[in-house]
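**Student:** Here is my input, please return the structure:
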Amino acid sequence: MKRESTAIEIVSIGEELLSGATLDTNAATIAQALEPLGLRVVRRTTVGDDAASIADAVASALARTGVVITTGGLGPTNDDTTKAAVAGVFGRPLEFREELWAGLKERWARRGRIPETNRRQAEVPAGAEVFPNPRGTAPGLAMEDERLGLCILLPGPPAEVQALVRGAIVPFLAGRQASGEAARPFRRQLRTSGVAESAIAERVAGRLGDLALDVAYLPEVDGVDIRLTGWASDEAEVAGRLDEAVERLREILGLHVYAEGARDLAQVVGDLLRERGVTVAVAESCTAGLIARRLTEFPGSSDYFWGGMIVYDDRAKVELLGVSEETLRRHGAVSEETAREMAEGACRRSGSAAAIAVTGIAGPAGGTEEKPVGTVWLAVRLKDKTVAKRRYYPGTRDMVRVRAAQGGLDLLRRTLLQGQR
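**Tutor:** Residues are numbered from 1 along each chain as shown. Prediction:
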């Protein structure tokens, strides 16, 4: 049956997937590989190793879309029941293929005698097309029926799925495409910091509807990405709409947008520092070196990064940065006054024109009613001006620290940009 729809379903098989013991990365591999063909994964189903559950999931998926890809359950053990279950859906028996068995024995030759249980991997549904597996013993299979549709069976190990998808399944499906070029996804992505997903959605609501694009908000611990997708057979058909959407979003969100594409905020900050001929020092308390690490992850960071001081204990703040003991007594380590003195001390100690300082309560203990866990003070010193901001970052200890590091980098970025106006 020649497929007329671009919709595909994935059925992932394995008790380990249902229990959460193993993450299903195969579905992402398949979806990403098929999108350039204009094929969209519209539903993913996960079932255990029970043959009846597999058969029900595959039959239901075929009824909806006519094209299904399964992963898992093609091994040599008794719990590998995918072939028999899917063969039953198609009303076909399993048949033993001598050429597959010979190939398996040859593959095993250097390892010793092949276990007899591996004979199961030489059994395939009658009439199935076989895709040799370059990284394992279970081949990929394809079965097709004029009434039911197409079902492709893949093994479960991710390395094997990757090899089979790239080397066999993509070419196989591409060759089945109807005449004429299928619609493919063309994307643009904006990265934001310092604004919540709900706030972005509220501001953007109704502002992009006329452009006929898919808009997705992708929240992460340290920010929200906005992904714009247009489907067309040629990029020229959607380029103008994507450009217009990016322009509108930049106007709506202003300085919250720090990059387009996949660029990291630390890379953006590094480029700004290099362009201005400015070096930066960091003074970190609760982030304990996260900002320094991020700033030095990119080649050439010595152009703009002087170094850093981790001043976790109050004595370090006093001895290394010159924070006043009176300031610490009156206002505490987590305060605007301390953050400002940390940034100013980092500039003074390093001779740099810029500094980032972070002090906060990452938790889980240490919070008070006035300063709950998640309270962070950020300060940036740029030449003769110091800016300090109080932030509240919810979440676990690690989340607070990651968000505080992002916040410190973002405050420096905004200060650098505003300083040029």
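**Student:** quick one, domains of this structure?
**Tutor:** For the chain, the structural domains run 7-174, 184-260, 265-419, going by automatic domain parsing.
**Student:** Adding mean pLDDT and mean neighbour count as columns, could you present those domains in JSON lines?
**Tutor:** (C-beta placed from N, C-alpha, C; glycine too.) Shown next, in JSON lines, are those (pLDDT from 0 to 100; neighbours: other Cβ atoms under 10 Å):
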{"stretch": "domain 7-174", "mean pLDDT": "94", "mean neighbour count": "18"}
{"stretch": "domain 184-260", "mean pLDDT": "96", "mean neighbour count": "16"}
{"stretch": "domain 265-419", "mean pLDDT": "97", "mean neighbour count": "20"}
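**Student:** which one's the longest helix in the protein?
**Tutor:** helix 397-419 (DSSP state H).
**Student:** okay, it in CSV with CA atoms only?
**Tutor:** Output of helix 397-419 as CSV, limited to C-alpha atoms (Å, rounded to 0.1, in the frame of the first residue of the first chain):
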residue,chain,number,x,y,z
ARG,A,397,19.4,23.0,45.3
ASP,A,398,20.8,22.2,41.9
MET,A,399,18.0,24.1,40.2
VAL,A,400,18.6,27.2,42.3
ARG,A,401,22.3,27.2,41.5
VAL,A,402,21.8,26.7,37.8
ARG,A,403,19.2,29.5,37.7
ALA,A,404,21.4,31.8,39.7
ALA,A,405,24.3,31.3,37.4
GLN,A,406,22.1,32.0,34.4
GLY,A,407,20.7,35.1,36.2
GLY,A,408,24.2,36.4,36.8
LEU,A,409,25.2,36.0,33.2
ASP,A,410,22.0,37.5,32.0
LEU,A,411,22.4,40.6,34.2
LEU,A,412,25.9,41.2,32.8
ARG,A,413,24.5,40.8,29.2
ARG,A,414,21.8,43.3,29.8
THR,A,415,24.2,45.7,31.5
LEU,A,416,26.6,45.5,28.6
LEU,A,417,23.8,46.1,26.1
GLN,A,418,22.2,49.0,28.0
GLY,A,419,25.7,50.6,28.5
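**Student:** now for that helix, which elements pack on it?
**Tutor:** Applying 3 or more Cβ pairs under 8 Å, 6 or more residues apart in numbering; DSSP states H and E, we find helix 397-419 packed against helix 265-276, helix 290-295, strand 354-360, strand 375-382, strand 385-392.
**Student:** Alpha carbons only: can I get the shortest one in PDB?
**Tutor:** Spelled out, that is helix 290-295. Extracted in PDB, the C-alpha atoms of helix 290-295 (Å, rounded to 0.1, in the frame of the first residue of the first chain):
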ATOM      1  CA  LEU A 290      29.200  27.500  37.900                       C
ATOM      2  CA  ILE A 291      29.500  30.900  36.200                       C
ATOM      3  CA  ALA A 292      33.300  30.500  35.800                       C
ATOM      4  CA  ARG A 293      32.800  27.100  34.300                       C
ATOM      5  CA  ARG A 294      30.200  28.300  31.800                       C
ATOM      6  CA  LEU A 295      32.300  31.300  30.700                       C
END
